[in-house]
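S.K.: got a sequence here, can you build the structure:
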Amino acid sequence: MSMSLSRIGYPSLGIAIILAGWSLATHVFQVSAAVLPSPESVLFAFVQWMPLLLSEGWVTLQETVLGFLLALAVGIPMAVAIANSRALNLMFYPLLVALQSVPKVALAPIILVWLGTGLQSKLAIVWLVAFFPIIIDTAAGLRSTPRELTELARSLKATRWQMFAKVQFPAALPFVLTGAKVAITLAVIGAVIGEFMGSSSGLGYLLLSATSQLNTPLAFAALFALSFLGLGVYAAIEVIEVSLARWLPPKSASH
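M.R.: Numbers count the residues shown, from 1 in each chain. You can find the predicted model right below:
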């Protein structure tokens, strides 16, 4: 109970302190609302523009989830191939690291030229941002399968598929979920990058539109909406993790 209170109480106290300092600064120094709106004006804009924020947030949510699922669909099989083949690991792992080191904002204009400004380009950018932590964590989990389990499976004449389905993947599942948590938050960033580069909808587009019109309270409201969206999708992964708890190894055995 005390652990739950500390996880809720301390963040709430931190948020309250930040909001109080923010509000005090805007009133004491009389900062223009076009530069830094007060928390009250942001809250008013959030309530006033709630229908718009919800509709644009739904667009960004779709891009985030679809791109994330695409990253899972591509990243996990690639991780399995890399973890089980030294040749594939030597061939492709350095290329993956090199691709990850390239800023995705630099790749976004090229992707827009290839795929246009529709949903496909947004999904491609989200995939590029999200799949690296999935493939890296999944491969690490597959490689860290306890040796005694693999030796036991071999002694029982397990096939390669049985070895993967019954031993390797269940042992790697905590790593997969860790990678998914990182990837889902990055997926939100990828969706916003895609909307910045070329879109007529989504919270990223709304943020750009609001700032171009000097409607800073609405811009901040869009930023908060993005934060809530990120927290929501992260919480969804945690719910999935809890639902899979029976298949996860004990934490002491997985670290």
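
S.K.: for the rest of this, base every contact and every neighbour count on C-alpha atoms.
M.R.: Will do.

S.K.: gap between the host helix or strand of Leu152 and the chain center?
M.R.: Using DSSP states H and E, Leu152 sits in helix 147-155. The chain centroid and the centroid of helix 147-155 are separated by 35 Å under Cα atoms, centre = their mean, to the nearest Å.

S.K.: equivalent analysis for stretch 34-53, please.
M.R.: Distance, stretch centre to chain centre, for stretch 34-53: 25 Å (Cα atoms, centre = their mean).

S.K.: can you list contacts of that stretch?
M.R.: 19, 22-23, 26-27, 31, 203, 214-218, 220-222, 225 (Cα atoms under 8 Å, 6 or more residues apart in numbering).

S.K.: same deal with stretch 196-209?
M.R.: For stretch 196-209, contacts defined as Cα under 8 Å, 6+ apart pick out 53, 55-60, 108-109, 112, 117-118, 191-193, 195, 218-220, 222-223, 225-226.

S.K.: burial of Ser199, as a residue count?
M.R.: Look at Ser199: counted by other Cα atoms under 10 Å, it has 19 neighbours.

S.K.: wait, Phe224
M.R.: Neighbourhood size, Phe224 [other Cα under 10 Å]: 15.

S.K.: for Leu95, same thing?
M.R.: Burial of Leu95 is recorded as 12 neighbouring residues (other Cα under 10 Å).

S.K.: check it and give its pLDDT.
M.R.: Leu95 carries a pLDDT value of 85.

S.K.: got any ranges where the stretch 1-150 of the chain has weak pLDDT?
M.R.: 1-7 (pLDDT under 70).

S.K.: pull out the buried positions in the helix holding Leu152.
M.R.: In terms of neighbour count (16 or more other Cα atoms under 10 Å), helix 147-155 has its buried residues at Thr150, Ala153.

S.K.: likewise stretch 133-144?
M.R.: For stretch 133-144, a neighbour-count test (16+ other Cα under 10 Å) marks Pro133, Ile134, Ile135, Ile136, Asp137, Thr138, Ala139, Ala140, Gly141, Leu142, Arg143, Ser144 as buried.

S.K.: check contacts around the last one.
M.R.: Translated: Ser144. Ala171, Ala172.

S.K.: so how far is stretch 150-169 from its chain's centroid?
M.R.: Centroid separation for stretch 150-169 versus its chain: 32 Å, with Cα atoms, centre = their mean.

S.K.: can you list contacts of it?
M.R.: Residues outside stretch 150-169 that contact it (Cα under 8 Å, 6+ apart): Leu142, Thr145, Leu149.

S.K.: look up how far Leu72 lies from the first one.
M.R.: As defined by Cα to Cα, to the nearest Å, Leu142 lies at a distance of 15 Å from Leu72.

S.K.: for the stretch 1-150 of the chain, what spans make up the helices?
M.R.: Secondary structure of the stretch 1-150 of the chain (DSSP state H, counting those that start in this stretch): helices located at 2-28, 39-48, 50-84, 86-101, 104-115, 119-143, 147-155.

S.K.: so which bits of the longest one are buried?
M.R.: Counting neighbours by 16+ other Cα under 10 Å, one finds that the buried residues in helix 50-84 are 53-54, 56-61, 63-72, 75-76, 78-80, 82-83.

S.K.: same question, the first one
M.R.: Buried residues in helix 2-28, counted by 16+ other Cα under 10 Å: Ser23, Thr26.

S.K.: do the fourth one as well
M.R.: Within helix 86-101, the residues that count as buried by 16+ other Cα under 10 Å are Asn89, Tyr93, Gln100.

S.K.: please name the nearest non-neighbouring residue to the first one.
M.R.: Here the nearest residue to Asn89 in space, its sequence neighbours aside, is Ile82; by Cα to Cα, 6 or more residues apart in numbering that works out to 4.7 Å.

S.K.: the second one now?
M.R.: Using Cα to Cα, 6+ apart and skipping residues adjacent in sequence, the residue nearest Tyr93 is Ile82, 7.7 Å away.

S.K.: pretty sure that neighbour sits against Ala140.
M.R.: No. Using Cα atoms under 8 Å, Ile82 is not in contact with Ala140, being 10.0 Å away.
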